[in-house]
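>>> Would you be able to build a 3D model of this:
(one chain, ligands or ions: 2)
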Amino acid sequence: MKFRAAVLNAVGGPLTIDELEMQPLAPRDVLVRVRASGLCHTDLEAIQGTLSYPLPIVLGHEGAGVVEAVGAEVTQVRPGDHVILSWNPHCGHCFYCENDQPILCEPFTRHQPRGRLLDGTTRMLRDGAPVHHYSVTSTHAQFTVVPESGAIPVPKEIPFDRACIIGCGVMTGVGAVVRKARLAAGASVVVIGCGAVGLNALQGARLVGAGRIIAVDVGGEKLERARRFGATDTIDATEADTVQVVKSLTEGRGADCVIEAAGRSQVFRLAGEAVRPGGQVIWLGKVNVDEEVSFRWGSLMGERRIVRSSYGDARPRRDFPWLANEYLRGHLMLDEPITRRIRLDEINDGFASLARGEGIRTVIEFD
Ligand SMILES: [Zn+2]
Ligand SMILES: [Zn+2]
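Ligands and ions are numbered 1, 2, ... in the order given. Here you go, the predicted model:
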């Protein structure tokens, strides 16, 4: 079958909208008609070359759509199901899957960086030549093929544009607080960096009934937005000493949990200074893999726990329906994070505005 997709041909872009051909389904494949897909910073990293992938490649890893067809051995989804795609499909039986760390699944970590599906092959062709899959999802396309463990059925009541953002930004931010940190009701939490993931961490803190929810960023507009997503207190890092203010809001101890969602080395350091002894820091942001990060040794003392999380400890089959239902019950804000809707042909403009830091989430809508 033929379909249209945005293809990255060279670092720096632009993406070209091309007609691709999908090869026949393997037994565990799921063919999804994509209905909505977000533009995420990690896609941008592939365009800018800070994340290196084989080219050409179809980007996009935050998608929702309808199951069009399934391979002969698929049992967990059926045609017609509405699904959110997981960018961390996993085999379920390797060393890491057996140790309940699916984010490290061996087939996933082996084949994902090579732009392949979990079985080590590709399905998309352009003029007869292979096109690579991005994070085993490739959602900036009218159709995509994913492994069965990457297609998660959710209630049909949730609109596709709202559903798609659950697949990366919402899961990563809410999951960091609820699943990774397991923040308790009444606990204090600091979220540094109020972009898409940080705002979702604030939502996660509100969902679990955190006590003080302290948002840190630069500029009144971002902090005003943070309040709408659940912050009880805000700190403008250019105007105040963040660590001093956090301590003054937490009886001098520091916060129970600090979420780093800014992706800056100084903020990794700051997170360690703002957490209380015995508390935990969750690093969500990223810096260049060769960049050095330094710490004051004393800030690491006192039984503090520092954890890196890339997908909020996601168990998509458990978490995506949960998050969809929290939205349907009015507990999770998914309307507000979508600040722009575009067509596939406008994708280069969408990424340009993401690179300029505009809005929260841009979502591509497909027919
Ligand atoms: Zn993402
Ligand atoms: Zn595995």
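>>> so how many other residues sit close to the residue nearest to residue 200 when sequence neighbours are not counted?
For residue 200, the nearest residue in space outside its immediate sequence neighbours is residue 173; the separation is 2.6 Å by Cβ to Cβ, 6 or more residues apart in numbering. Where C-beta positions appear, they are placed from N, C-alpha and C, glycine not excepted. Here the count is done by other Cβ atoms under 10 Å, and residue 173 has 29 residues near it.
>>> Look at residue 173 and give its secondary structure.
Look at residue 173: counting by DSSP: H, G, I helix; E, B strand; the rest coil, its state is helix.
>>> Please apply the same query to residue 203.
Each residue gets one of three states, and residue 203 gets helix by three-state DSSP.
>>> and residue 116, what is it in contact with?
Contacts for residue 116 were tallied using Cβ atoms under 8 Å, 6 or more residues apart in numbering; they are 122, 132, 133, 136.
>>> Would you reformat those residues as TSV and include distance to residue 72, secondary structure and neighbour count?
As requested, those are arranged in TSV below (distance: Cβ to Cβ, whole Å; DSSP: H, G, I helix; E, B strand; the rest coil; neighbours: other Cβ atoms under 10 Å):
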residue	distance to residue 72	secondary structure	neighbour count
122	20	coil	20
132	25	strand	20
133	21	strand	30
136	20	coil	26
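>>> how about the closest residue to ligand 1 within the stretch 51-200 of the chain, secondary structure?
Closest contact between the stretch 51-200 of the chain and ligand 1, by Cβ to the ion, is at residue 168 (3.3 Å). Three-state assignment for residue 168 (three-state DSSP): helix.
>>> Around the nearest residue to it once chain neighbours are set aside, how many other residues sit close by?
Taking Cβ to Cβ, 6+ apart as the measure, residue 168 lies nearest to residue 62, with 4.0 Å between them; neighbours along the chain are not counted. Burial of residue 62, expressed as a neighbour count using other Cβ under 10 Å, amounts to 32.
>>> Then residue 230?
A count of nearby residues for residue 230, using other Cβ under 10 Å, gives 21.
>>> State the helix or strand in which it lies.
Taking DSSP states H and E as the criterion, residue 230 maps to no regular element, lying outside all helices and strands.
>>> residues contacting it?
202, 203, 205, 206, 213.
>>> quick one: which of the residues you listed is nearest ligand 1?
When the contacts of residue 230 are compared for distance to ligand 1 (Cβ to the ion), residue 203 comes out closest, at 16.3 Å.
>>> Could you tell me how far residue 220 is located from residue 212?
Distance check for residue 220 against residue 212: by Cβ to Cβ, to the nearest Å, it reads 20 Å.
>>> Which of those two has more residues huddled nearby?
residue 212 (18 against 11).
>>> From residue 97, how far out is that one?
In this structure, residue 212 and residue 97 are 37 Å apart, going by Cβ to Cβ.
>>> Equivalent analysis for residue 76, please.
When Cβ to Cβ is the yardstick, residue 76 and residue 97 sit 15 Å from each other.
>>> Which one's more surrounded, these two?
residue 97 (19 against 13).
>>> Unless I misread the structure, the more buried one falls within a helix.
Yes. Counting by three-state DSSP, residue 97 is found in a helix.
>>> Just to check, it is in contact with residue 90?
Yes. If you go by Cβ atoms under 8 Å, residue 97 and residue 90 touch, sitting 5.4 Å apart.
>>> Show me whatever sits in contact with both of the two.
Taking Cβ under 8 Å, 6+ apart as the contact criterion, the common neighbours of residue 97 and residue 90 are residue 105.
>>> The host helix or strand of residue 20 pairs with which strands, and in what direction?
Secondary structure assigned from DSSP H and E places residue 20 in strand 15-22. Under the criterion DSSP bridges, strand 15-22 sits next to strand 2-8 (antiparallel), strand 124-126 (antiparallel) in its sheet.
>>> ok now it, how far from the chain's centre?
Between the centre of strand 15-22 and the centre of its host chain there is 24 Å, according to Cα atoms, centre = their mean, to the nearest Å.
>>> for the record, mean pLDDT for it?
Mean per-residue pLDDT for strand 15-22: 98.
>>> And for stretch 194-205?
Model confidence over stretch 194-205 averages 96 on the pLDDT scale.
>>> So which residues make contact with that stretch?
Counting by Cβ under 8 Å, 6+ apart, residues outside stretch 194-205 touching it are 40-41, 165, 169-170, 172-178, 183, 189, 191-192, 213, 215-217, 222-223, 225-226, 229-231, 259, 261-262, 284-285, 332-333, 337, 357, 360-361.
>>> rewinding a little: the residue nearest to residue 168 contacts residue 139, doesn't it?
Yes. With contact defined as Cβ under 8 Å, residue 62 and residue 139 form a contacting pair (6.5 Å).
>>> intersection of neighbour lists for these two?
Contact criterion Cβ under 8 Å, 6+ apart; residues shared by residue 62 and residue 139: 37, 85, 164.
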